[in-house]
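Student: okay, here's the prediction I keep looking at, along with the sequence it came from:
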Amino acid sequence: MSVVLQVLINGRGPKFDATIHLAPDGTLSSFSASGHYEMGTRLEERFTREGRRARWKSEEEQGEREIDGSAFFLPIADLPDARGLLAGALLKAGGRLALLPDGEARLDKIGEATVSDANGQTRRVVGYAITGVEMTPLPVWMNEDGTWFGNVKPSFSVIPKGWERAIEPLLAKQGEYSRARDAKLAAKYGHRPPPSGLAYTHARVLDVERGRWLEDHTVVVVGDRISAVGPSGKVSVPAAAEVVDLAGKALLPGLWDMHEHLGDASGVLTIASGVTTVRDLGTSLEKLDDFKQRYDEGAAIGPHVFRFGLIEGRNERAWTSDVTAETADEARAGVAEYARRGYEGIKIYTSIRPELVPVIVQEAHRRKMLVTGHVPVHMLAHEVVHAGFDGFEHINMLFLNFFATKETETRDTTRFTLVGDNAANLDLESKAVRDFVALLKKKGTVFTPTLTAFEDLYVGEPGKVIPGLERLAARMPVQNQRSFLKNGLPDRGKAALYRSSYDKMLAIVKLFVDRGVTVTVGTDWTSGVFVQHELALFVRAGIPAAKALAMATIVPARTLKVADKMGSIAVGKVADLVVVDGDPLARIDEVANVVSTMRAGVVFPSAQLYESVGMKPVALPSAPRSGG
C-alpha cells in the first residue's frame, strides 16, 4: 500500500512540504521534506527503506541500519501527520513498535468520544497516548477503522475541516487523562515522612549565605518546615523520626529557575532536577493557575510557582497572550486581572506600546506587584529601567541596549543577528557599559540573562550537540534528543564571530556580578534539567560556584521578597532540600547528581521521576564521596 501526503505547515514554527509513502504494516517506506525552520535554517530530510536496510539523512543527522520486522522512522521535522501515522502503525503492531533512529514507542488508550461536525454529523473517535517519543505522552485521536482523525491542543490543532467543534471535548478528555496520570505519579513517588519528622544526618550542608560547606551537620524537618540545623553531635533527633544518613553526600537548598514556562512535563522535571521553585513568565492563565493549584495540593508533582502575568500588544508581530493592551485603560485592566488571581508580578512583552510601559509599571507597583519582561520594540534597556522595571530578561535584550536604536525592529531575527554581529567587539569598560551598570545598581534592577536559551544560536552547529550537553542529550527520549541537533543561526559564515559574541555575553554577566548588579539564574529552556547547565555557564564565565549557587537559591528569594521563608537551609524556613552525590562547589556539574528532592517536606526520588518522563537517570558515583 502507498499513500502520499503533501503537507504545508503555516504560521509559527517550521514551514515545509512533505511526501510520505507507507508500507503495508503502516510504517514509512519513504519520506522526504523540504522547507525551513522559523529561524531560517534550511530543512531537508530524506528516509528510505529497501528490504532490511533503512537509511535517513537531514541537515542535522544521517544514518542507516539493518532492521528485522517493523520499525517506524520518526521524521526530525515537526510533521503533525506523523503522529497519526505512528499511532496507526502501533495499532497494527499490537501497541509496541521499534523506532528509527532509536527507541521504542508504546500506545495506551485515553478513552473514546462521539464528536460532531458543523452539519451535525457524528463520528466515534478513540484517543490514544503515544509514549517513548517525547517526555510527555503524545495524544492522538483515531477513527474507529484505525485511521487518523487528528491531534488537538489548546494552541494548535490538526483535524478535518468542518470538525472544529470537536476540539474542546477532545481537549477535555485529554485533560482528564493527564490529570489522572499526574495524580498517580504524585501518589506513587511522593513520600511523606511521619508526623515526628525526618532527620538528614551527617550531611555536608551548603550555607548559601556564606558560600561554604557545613561539615557533618544534621537537618531536621517536621511537617513542611525545617525545625533544626546544626552539627550532628549536637542536634537532637526526635523520637520515631525517619532518619536518612547522608554521610558522603551533600544537602543543598532547593534550586530556583527564575525564567520558566511550565508545560506538562515541567513539574516532574523540575523536582527530579532539584528545582523546587520557579518564576513562570507567561504560561496561559488557566493552565498556569491549574499547575500551581495541583502542585500545591499534591495532586501533581511540581515546584512552588511565582506567577508573572504576560501583557502584550495586538498587531501582526505580537506574541499570543491571554491579556493584551493597546490603551491605558486596557493596560490597567490587565494588571487588575492578574492581581485578582493573586499573581506576584507582571511581564511586559515586546509589542507593548512604549507609552503604556509606565502605565503598567505604576499600576503594578500600586498593587504591590513586581514588573519584569522584554524590552519593548522602539525602546532600549536603559529606558525600561528608568521606567521602573524591577528586572529584565535575556542577554540579547541587554546587548541591544548598545547596538539597537528606537527604529530597530526587534521582533524578528534582528534581535539575535544584531547582537551576534556586534557583541564580540563591545568594550566592557566603555562609558556606555559603565553607565548602564551604574544605573542598574542605583535602581536595584534584577537581570536574568538566560544564557542557556541563546547558546544554541551562537555556539551551536547543525547536527552537533553543544559541548557540555552531550550527557544530558543522551539521557533524553529520541525526539527530545534530536532537538539538541537543531542549532545555529542561518549565516554559518559568521560562526566564529558568533562564538566570540557569546563569549562576550558570558563576560558581561561576570562583570555585572563583580560590579554588584543583582543577577539570578533562569533558563527559558527545558524545565529543571537546564538549571544545572545555566549554573555551569556562570562558572565558565568565571563566577565562583558558590556565588552561582546563591544566584539560584537565596538571591531569587530576596528579589521576590520571600527570603525569610525560602532560599536557604535555616530553622523555620520551608523544607525545600536537595540531596546531591557530589561537591558542586568544587565541580559545578555535580549539582546534577540529584539523589532526591524534598519539596515542602515531601520527598521524591530523582531517578524514578526521570524514568517516568522517559529520561535515563543521572549516572551517580558508585562509591561514597567525602567533602572537599
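Tutor: That came in fine, so what should we check first? Residues are numbered from 1 along each chain as shown.
Student: let me know whether Leu369 touches Arg341 as I believe.
Tutor: Slight slip there: residue 369 is Met, not Leu. No: using C-beta atoms under 8 Å, Met369 makes no contact with Arg341, being 11.1 Å away. Every residue, glycine included, has its C-beta placed from N, CA and C.
Student: pLDDT-wise, which helix or strand of this structure ranks last?
Tutor: Of all helical and strand segments in the chain, the minimum by mean pLDDT, DSSP states H and E falls on strand 7-8, at a mean of 38.
Student: low-confidence ranges, the stretch 1-150 of the chain, go.
Tutor: Low-confidence segments of the stretch 1-150 of the chain (pLDDT under 70): 1-16, 36-42.
Student: helices of that one, start to end?
Tutor: 80-93 (DSSP state H, counting those that start in this stretch).
Student: how about the stretch 151-300 of the chain?
Tutor: With DSSP H, counting those that start in this stretch as the criterion, the stretch 151-300 of the chain has helices at 167-189, 266-272, 285-297.
Student: so which of the ones you listed gets nearest Arg65?
Tutor: Among the helices of the stretch 151-300 of the chain, the nearest to Arg65 by C-beta to C-beta is helix 266-272 (29.9 Å).
Student: who are the packing partners of the closest one?
Tutor: strand 255-260, strand 275-280, helix 285-297, strand 594-599, helix 606-612 (3 or more C-beta pairs under 8 Å, 6 or more residues apart in numbering; DSSP states H and E).
Student: buried stuff in the third one?
Tutor: Same thing as helix 285-297. Across helix 285-297, burial judged by 16 or more other C-beta atoms under 10 Å covers 285, 287-292, 294-295.
Student: nearest to Leu79, of these?
Tutor: Lys287 (24.9 Å).
Student: residue contacts, the closest residue to Leu370 other than its chain neighbours?
Tutor: Distances taken as C-beta to C-beta, 6 or more residues apart in numbering put Gly345 closest to Leu370, at 3.8 Å, once the chain neighbours are dropped. Contacts here follow C-beta atoms under 8 Å, 6 or more residues apart in numbering; on that basis Gly345 touches 279, 306-309, 364, 369-372, 390.
Student: looking at those, which are in strands?
Tutor: Members of the contacts of Gly345 lying in strands (criterion: DSSP state E): 279, 306-309, 370-372.
Student: surely His533 and Ile466 touch.
Tutor: No: using C-beta under 8 Å, His533 makes no contact with Ile466, being 9.1 Å away.
Student: neighbour count: the two, which is higher?
Tutor: His533 (23 against 18; other C-beta atoms under 10 Å).
Student: so which of the ones in strands among the contacts of Gly345 is the most crowded?
Tutor: When neighbours are counted by other C-beta under 10 Å, Phe308 leads those with 29 neighbours.
Student: residues in contact with the longest strand seen in the chain: which ones?
Tutor: Ranked by number of residues, the top strand in the chain under DSSP E is strand 104-116. Residues from elsewhere that reach strand 104-116, judged by C-beta under 8 Å, 6+ apart: 72, 86-87, 90-91, 95-99, 122-133, 137, 139, 141, 163, 165-166, 169-170, 173-174, 176-177.
Student: for Gly567, grab the count of nearby residues.
Tutor: Residues within reach of Gly567, counting by other C-beta under 10 Å, total 27.
Student: returning to that earlier point: check the buried residues of helix 285-297 and tell me the two furthest apart.
Tutor: Longest distance between any two of the buried residues of helix 285-297 is 16.1 Å, between Leu285 and Tyr295; criterion C-beta to C-beta.
Student: list phi and psi for Pro617.
Tutor: Pro617 has phi and psi values of phi -70, psi 160 when expressed as degrees, to the nearest 10.
Student: distance of the residue lying closest to it once chain neighbours are set aside from Leu251?
Tutor: Nearest residue to Pro617, sequence neighbours excluded (C-beta to C-beta, 6+ apart): Ala607, at 3.6 Å. As judged by C-beta to C-beta, to the nearest Å, Ala607 and Leu251 stand 18 Å apart.
Student: so between those two, which is more surrounded?
Tutor: Set Ala607 next to Leu251 and count neighbours by other C-beta under 10 Å: Leu251 wins out with 23 against 16.
Student: which stretches of the chain have low pLDDT?
Tutor: Scanning the chain with the threshold set as pLDDT under 70 gives 1-16, 36-42, 490, 622-628.
Student: strands along the stretch 501-628 of the chain, start to end?
Tutor: Taking DSSP state E, counting those that start in this stretch, the strands of the stretch 501-628 of the chain run over residues 518-519, 577-580, 594-599, 602-605.
Student: just checking: what are the partner strands of the second one?
Tutor: Just to be clear, that refers to strand 577-580. Using DSSP bridges, the strands paired with strand 577-580 are strand 250-253 (antiparallel), strand 594-599 (antiparallel).
Student: compare Met369 and Arg341 (neighbour count), which wins?
Tutor: Met369 (20 against 13).
Student: which residues sit in contact with the more buried one?
Tutor: Listed by C-beta under 8 Å, 6+ apart, the contact partners of Met369 are 335, 338-339, 343-346.
Student: for these, could you give me JSON lines that also reports secondary structure?
Tutor: Shown next, in JSON lines, are the contacts of Met369 (DSSP: H, G, I helix; E, B strand; the rest coil):
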{"residue": "Val335", "secondary structure": "helix"}
{"residue": "Tyr338", "secondary structure": "helix"}
{"residue": "Ala339", "secondary structure": "helix"}
{"residue": "Tyr343", "secondary structure": "coil"}
{"residue": "Glu344", "secondary structure": "coil"}
{"residue": "Gly345", "secondary structure": "strand"}
{"residue": "Ile346", "secondary structure": "strand"}
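Student: top of those by neighbour count?
Tutor: Most neighbours among the contacts of Met369, by other C-beta under 10 Å: Ile346, with 29 neighbours.
Student: tell me the spacing between that one and Gly263.
Tutor: Distance from Ile346 to Gly263, by C-beta to C-beta: 21 Å.
Student: again, but for Glu355
Tutor: 34 Å.
Student: repeat for Pro584
Tutor: Taken as C-beta to C-beta, the span from Pro584 to Gly263 is 27 Å.
Student: ok, the two, which is more surrounded?
Tutor: Using other C-beta under 10 Å, the more surrounded residue of Pro584 and Gly263 is Pro584, with 24 against 15.
Student: reformat the contacts of Met369 as TSV; add distance to Asp427.
Tutor: Compiled in TSV, the contacts of Met369 are given as follows (distance: C-beta to C-beta, whole Å):
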residue	distance to Asp427
Val335	39
Tyr338	40
Ala339	43
Tyr343	40
Glu344	37
Gly345	34
Ile346	34
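Student: farthest pair in these?
Tutor: Spatially, the most separated pair among the contacts of Met369 is Val335 and Glu344, at 12.3 Å (C-beta to C-beta).
Student: related to what we said a few turns ago, closest to Glu461 out of the helices and strands packed on helix 266-272?
Tutor: Closest among the helices and strands packed on helix 266-272, using C-beta to C-beta: strand 255-260, at 25.0 Å.
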